[in-house]
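> Any chance you could fold what I've pasted below:
(one chain, ligands or ions: 3)
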Amino acid sequence: KPAREMVPRPPVVCILGHVDHGKTTLLDTIRKANVVSSEAGGITQHIGAYQVTHKDKLITFIDTPGHAAFSNMRARGARTTDIAVLVVAADDGFMPQTDEALGHARVSKVPVVVAINKMDAPGANVDKVLRQMQERDLAPEDWGGETLYAKVSALKGEGIEDILEAIVLQADVTETIVADPKGEVEGVIVEAQKELGRGSTASAIIQQGTLKPGMALVCGENYCRVRQLINDKGEQIKEAGPSSPVKIVGWSGPPDAGDFFKVVKNEREAKKHAEANELDRKKLEATQLQERGSTSVDDLFAAIEKTQKKSFTVLVKADVYGTAEALATSLQSIKSEKIDLEVVDMGVGDITRNDVLMSSAAKATIIGFNVGIENGVTSVAKHHGVNLIQHNIIYELITQVKDAMTDMLD
Ligand code: GTP
Ligand code: NA
Ligand code: MG
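Ligands and ions are numbered 1, 2, ... in the order given. Here you go, the predicted structure:
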């Protein structure tokens with residue numbers, strides 16, 4: 001491999017923080033402010049990431065969901081970003097998930113910029129937040145420390161320039177924000193989905209090289225001959241360089257959020273790599289099964305206990321793969337002493353007849369987050385006695401699952 005020729009690239013930034021401290025509002029406000037100023041009437045398309053300009057410098061934001069159920073994705077978010085913006089509501093101060101997010105950033109050695117949000121709120125207490133920062137080794141710059149911060153009101157659109165300025169300053173002192181635009185293409189998946197008429201698409205951030213239509217990519221067990229590249233404004237583009245957020249059209253299936261991809265010679269090579277990766281996984285699974293077969297007394301007891309314990313079986317469907325995965329993980333953690341929860345499968349897109357038939361065979365309940373049901377499938381579910389639990393709010397969904405599990409015990 002030839003040595004890389006590194007040049008500065010835009011920083012990739014993720015927004016972390018406690019529930020309801022204003023992450024989404026801040027991302028929306030930043031995006032709107034920028035769209036309005038740079039290209040009136042421009043349509044932003046949600047691709048899980050977007051770019052804004054501050055004083056001629058580009059910043060890439062990853063739009064990660066904030067609820068506790070997404071901590072899995074959030075952890076990945078921190079690993080693939082250059083700077084974490086930690087949102088702390090001025091009226092609430094540091095909360096458990098603020099510290100959890102800070103932990104993710106520290107483990108990944110990602111520098112943290114603090115956005116003290118909700119400055120307009122009646123109970124706003126900046127001094128308390130600054131003290132809490134100092135207690136956490138995040139001493140603010142104007143208190144003799146090194147942490148850049150800005151006071152903002154995401155709701156009123158105040159302090160937005162200040163937080164962008166802090167991000168740009170942090171980027172200037174972070175030496176790792178470089179890439180080789182001429183090198184071999186590498187990137188990371190932010191979200192993946194199946195889209196009507198487009199097939200499997202994946203939103204990604206390019207990390208090295210410059211991606212162009214026609215190139216072949218491999219990502220885990222999926223591969224791609226790039227049919228189209230679409231930017232965060234919904235426009236088709238001819239190339240995407242380092243730190244660009246881009247939707248890639250042409251995947252064999254939706255790759256996993258957080259997975260890395262690389263370019264290979266051609267589509268045939270890509271397919272070969274993907275198939276080899278699939279085989280590796282199957283071999284590993286077979287080995288693990290075999291190992292479990294050599295039963296110890298403990299395993300035996302666990303197995304007996306398991307057959308005595310009831311199990312609530314679910315099939316998870318969500319709008320994007322990362323969410324399905326995060327939901328499956330969070331569901332698996334709610335098993336109780338008396339009842340286990342088992343995820344038989346998860347997938348992306350509306351609930352289909354196939355999902356119902358599979359759930360019927362597995363005696364599973366279908367859990368749908370942010371998805372619809374294909375025409376006529378409700379009656380098929382009724383006919384097969386398959387229960388559906390759907391909601392667009394994650395904690396409502398989890399509450400309903402818990403209720404259904406409790407019902408099962410009666
Ligand atoms: P999750 O994604 O659920 O973790 O929440 P979040 O951190 O994305 O917070 P979100 O942006 O959804 O905001 C939560 C609530 O706080 C909403 O009612 C917002 O309107 C409100 N909010 C956000 N920013 C501000 C602000 O600057 N000032 C005030 N007063 N309220 C705000
Ligand atoms: Na919220
Ligand atoms: Mg949010």
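
> Minimum distance to ligand 3, which residue of the chain gives it?
Closest contact between the chain and ligand 3, by Cβ to the ion, is at T24 (3.2 Å). Any C-beta I mention is one placed from the backbone N, CA and C, and that applies to glycine too.

> ok, and does the strand or helix carrying that residue reach over to ligand 1?
Using DSSP states H and E, T24 sits within helix 23-38. Yes: judged by Cβ under 6 Å from any ligand atom, helix 23-38 comes into contact with ligand 1 at 23-25.

> Return the angle between stretch directions for the helix or strand following that helix and helix 23-38.
Remark: after helix 23-38, the chain's next helix or strand is strand 49-54, criterion DSSP H and E. Interaxial angle of strand 49-54 relative to helix 23-38 (axes from the mean of the first three to the mean of the last three Cα atoms, to 10 degrees): 50 degrees.

> circling back to that earlier point, any idea which of the residues of helix 23-38 next to ligand 1 the model trusts least?
When it comes to pLDDT, T24 is the least confident member of the residues of helix 23-38 next to ligand 1, at 87.

> Name the nearest residue to E191, sequence neighbours excluded.
G48 (4.0 Å; Cβ to Cβ, 6 or more residues apart in numbering).

> ok, now E141?
Per Cβ to Cβ, 6+ apart, closest to E141 is L148, 5.7 Å.

> re earlier: how far out from the middle of the chain is the helix holding T24?
19 Å (Cα atoms, centre = their mean, to the nearest Å).

> So what touches that helix?
15-17, 42, 44, 50, 52-53, 61, 63-64, 66, 85, 87, 115, 117, 152, 154-155, 157, 160, 163-164 (Cβ atoms under 8 Å, 6 or more residues apart in numbering).

> Just the residues you listed: which are in strands?
15-17, 50, 52-53, 61, 85, 87, 115, 117 (DSSP state E).

> picking up where we left off before, just the buried positions in the helix holding T24, please.
By neighbour count with 16 or more other Cβ atoms under 10 Å, helix 23-38 contains the buried residues 23-27, 29-31, 34-35.

> Using a markdown table, please lay out these together with distance to A216.
Converted to a markdown table, the buried residues of helix 23-38 look like this (distance: Cβ to Cβ, whole Å):
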| residue | distance to A216 |
| --- | --- |
| K23 | 36 |
| T24 | 36 |
| T25 | 40 |
| L26 | 38 |
| L27 | 33 |
| T29 | 39 |
| I30 | 35 |
| R31 | 32 |
| N34 | 33 |
| V35 | 33 |
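
> right, and out of those residues, which lies closest to C219?
Nearest to C219 among these: L27, at 25.4 Å, using Cβ to Cβ.

> that older thread, and the ones in strands among the contacts of helix 23-38, which two are furthest apart?
G17 and T53 (24.0 Å).

> Comparing those two, which shows the higher neighbour count?
The neighbour comparison of G17 against T53 (other Cβ atoms under 10 Å) goes to G17, with 27 against 13.

> With adjacent residues omitted, what lies nearest to the more buried one?
V87 (3.5 Å).

> need the contact list for that neighbour.
15-18, 21-23, 26, 115, 117.

> Repeat that for K151.
Counting by Cβ under 8 Å, 6+ apart, K151 has contacts 90, 116, 119, 126, 159, 162.

> Of these, which is the most crowded?
Neighbour counts for the contacts of K151 (other Cβ under 10 Å) peak at I116, which has 26 neighbours.

> That one against V126, yeah?
Yes: contact criterion Cβ atoms under 8 Å: I116 and V126 qualify, at 6.1 Å.

> Now the common contact residues for those two.
In contact with both I116 and V126: 90, 151, using Cβ under 8 Å, 6+ apart.

> residue contacts, E275?
Taking Cβ under 8 Å, 6+ apart, one finds E221 in contact with E275.

> any idea which helix or strand carries it?
E275 belongs to helix 267-293, assigned by DSSP H and E.

> Which positions in that helix come out as buried?
267, 270-271, 273-274, 277.

> What of stretch 401-410?
Buried, per 16+ other Cβ under 10 Å, within stretch 401-410: 401, 405.

> now that stretch, how far from the centre of its chain.
29 Å.

> Repeat that for stretch 89-98.
The answer for stretch 89-98 is 22 Å, by Cα atoms, centre = their mean.
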